[in-house]
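Visitor: Predicted model and sequence follow; I will ask about them next.
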Amino acid sequence: MLTFAIVIPHLNQAHFLTTALESLRHQDAPLNLAVMDGGSKDHFSEVVNRYDDVISRMSSGHDLGQADAIYKGIEMVDGDIVAWLNADDYYFPHILEKISRLFAEHPEVDIIYGDAVHVRPDGMFLSYFPGIEDFNRSRLFKSCYLCQPACFVRRKAYEEVGGVDSSLIYTMDWDLWCRLAREEKRFLRVNEPMAAVRYYQGTKTLSGDKTRYEEIWRIQRIYGGFKIPTAWPGFYWFDLACKDKKTFSEKVFFSLLQGARLLKKKIEGSKPDLIYGFQRWEKKVFGACMIQFPWYGEKAVREIILKMRPGETTYLISFAGSRPEAFIAKRGEIRMPVYFEKGSIVNFSVSCPSSPAWELYKLSCELG
């Protein structure tokens, strides 16, 4: 079986790091893991000491940033397949074995990428990564539709293009995909969730930093030959959509960008663009939706709480392909007794027979 070389860059996120390491403990494929700490002031040492069975190499001290840590970490560990995992993200259990098998079955493929789920800081499902697309070289130079934690690269291809550019702060992943595509490396999309990405206001991606937009423009210029930064509006709309509190000017810009998106959809007259039943970029569901997310909490999930529209109507819910059970959304809420322990994949489908289009706007749970 092929071996993975995985790096976790870390700085003051020990409260999340446990889940990332736990997800690696629940893999079957052989892996070599480097944890690269930038000099944390939290309980980092306490956490990593509990996972010496999965950590191969570790470095702690000042570095030149996340990309520098990733580059050095990959140099430190052996492995046929290269990947990195941010400290606040984590893998689905047993997914690395599937990735290894796919690489073995497709020796012509250099990069495998798949779906990812967005989760809250507590690990509860928010949405699927909405940007995922089938591989298209020219599209990649315009928009990053690969979700980094759900991407895996053969080391040979990684080294042939020079690895991660350690000078970049935000777009080191997109830049790497573009260099691989420019050198005509082979990409394979897999329609399966591989990783969970925590989404909250404190993430670097949602910081809205000016440097991020400069790096986005750099990629479009270098790889796509664009004369103007056409990707900026889409990235800015997404940043604002994820922001809980907006300034007055941000509200104005968001309304304008939202209006432009709706107008474009109306002109194109396109059918709903769905991912596992969800309209991309929205909480609206057409027909049935599939909800999947990994659970690594110390306490088991004992009850799942769904909030949906319309309320006071019947929904059909099926767990892992079992016979659907009818629930009434009283005051727009359904509570389901369940049991998912550490290392499980929470997996169920929901449909509303009386409404072809409905909305699932929140999922939470009770632990015990």
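Guide: Happy to help now that I have it. Numbers count the residues shown, from 1 in each chain.

Visitor: Can you list the neighbours in contact with the helix or strand of the chain with the lowest mean pLDDT?
Guide: Least confident element among the helices and strands of the chain, by mean pLDDT, DSSP states H and E: helix 248-268 (a mean of 78). Helix 248-268 is contacted from outside by Pro233, Tyr236, Trp237, Leu240, Ala241, Lys243, Lys246, using CB atoms under 8 Å, 6 or more residues apart in numbering. Every residue, glycine included, has its C-beta placed from N, CA and C.

Visitor: Spit out the contact partners of the spatially closest residue to Leu316 that is not a sequence neighbour.
Guide: Closest residue to Leu316 apart from its sequence neighbours, by CB to CB, 6 or more residues apart in numbering: Pro324 at 4.0 Å. Listed by CB under 8 Å, 6+ apart, the contact partners of Pro324 are Leu316, Ile317, Ser318, Ser349, Ser351.

Visitor: and if we set it to 10 Å?
Guide: Pro324 makes contacts with Ala288, Tyr315, Leu316, Ile317, Ser318, Phe348, Ser349, Val350, Ser351, Pro353, as judged by CB atoms under 10 Å, 6 or more residues apart in numbering.

Visitor: secondary structure class for Asp175?
Guide: helix (DSSP: H, G, I helix; E, B strand; the rest coil).

Visitor: in the stretch 1-150 of the chain, which ranges drop under the pLDDT threshold?
Guide: Across the stretch 1-150 of the chain, nothing is flagged by pLDDT under 70.

Visitor: go with 90
Guide: 1, 41, 61-64 (pLDDT under 90).

Visitor: re the thing from before, among the contacts of helix 248-268, which ones are buried?
Guide: Tyr236, Trp237, Leu240 (16 or more other CB atoms under 10 Å).

Visitor: picking up where we left off before, just the buried ones out of the contacts of Pro324, please.
Guide: Ala288, Tyr315, Ile317, Ser318, Phe348, Ser349, Val350, Ser351.

Visitor: The contacts of Pro324 into CSV, with extra columns for pLDDT, secondary structure and distance to Ser138?
Guide: Formatted as CSV, the contacts of Pro324 follow (pLDDT from 0 to 100; DSSP: H, G, I helix; E, B strand; the rest coil; distance: CB to CB, whole Å):
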residue, pLDDT, secondary structure, distance to Ser138
Ala288, 97, strand, 34
Tyr315, 98, strand, 41
Leu316, 98, strand, 42
Ile317, 98, strand, 41
Ser318, 97, strand, 40
Phe348, 98, strand, 38
Ser349, 98, strand, 35
Val350, 98, strand, 37
Ser351, 98, strand, 37
Pro353, 96, coil, 42
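
Visitor: For those, name the two members farthest from one another.
Guide: Phe348 and Pro353 (16.4 Å; CB to CB).

Visitor: wait, what's in contact with Tyr71?
Guide: Neighbouring residues of Tyr71 by CB under 10 Å, 6+ apart: 7, 9, 36, 63-65, 84, 162-167, 172.

Visitor: If we use 8 Å, what do you get?
Guide: Tyr71 makes contact with Gly163, Val164, Ser166, according to CB under 8 Å, 6+ apart.

Visitor: quick one: which of the residues you listed has the most company?
Guide: Val164 (25 neighbours; other CB atoms under 10 Å).

Visitor: and which of the contacts of Tyr71 is nearest Arg189?
Guide: Nearest member of the contacts of Tyr71 to Arg189, counting by CB to CB, is Val164, at 21.6 Å.

Visitor: any idea what that closest one is structurally, helix, strand or coil?
Guide: Per three-state DSSP, the local secondary structure of Val164 is coil.

Visitor: residues in contact with it?
Guide: Here Val164 is in contact with Ala67, Ile70, Tyr71, Ile74, Met172, Leu176 (CB under 8 Å, 6+ apart).

Visitor: for the host helix or strand of Ile291, the distance to its chain's centre please.
Guide: Secondary structure from DSSP states H and E places Ile291 in strand 288-295. Distance of strand 288-295 from the chain centroid (CA atoms, centre = their mean, to the nearest Å) equals 14 Å.

Visitor: do stretch 66-83 as well
Guide: Put simply, stretch 66-83 sits 19 Å off its chain's centre (CA atoms, centre = their mean).

Visitor: Same check on stretch 171-188?
Guide: In terms of CA atoms, centre = their mean, the centre of stretch 171-188 is set 18 Å apart from its chain centre.

Visitor: Okay, buried residues for that stretch please.
Guide: Within stretch 171-188, the residues that count as buried by 16+ other CB under 10 Å are 171-181, 185-188.

Visitor: In the stretch 151-300 of the chain, what residue spans correspond to strands?
Guide: In the stretch 151-300 of the chain, strands defined by DSSP state E, counting those that start in this stretch lie at 151-154, 187-198, 274-275, 278-279, 284-286, 288-295, listed in chain order.

Visitor: can you pull the contacts of the residue of the chain positioned farthest from its centre?
Guide: Distance from the centre of the chain peaks at Glu312, with 33.2 Å (CA atoms, centre = their mean). Each residue near Glu312 by CB under 8 Å, 6+ apart is listed here: Ile328, Ala329, Lys330, Arg331, Gly332.
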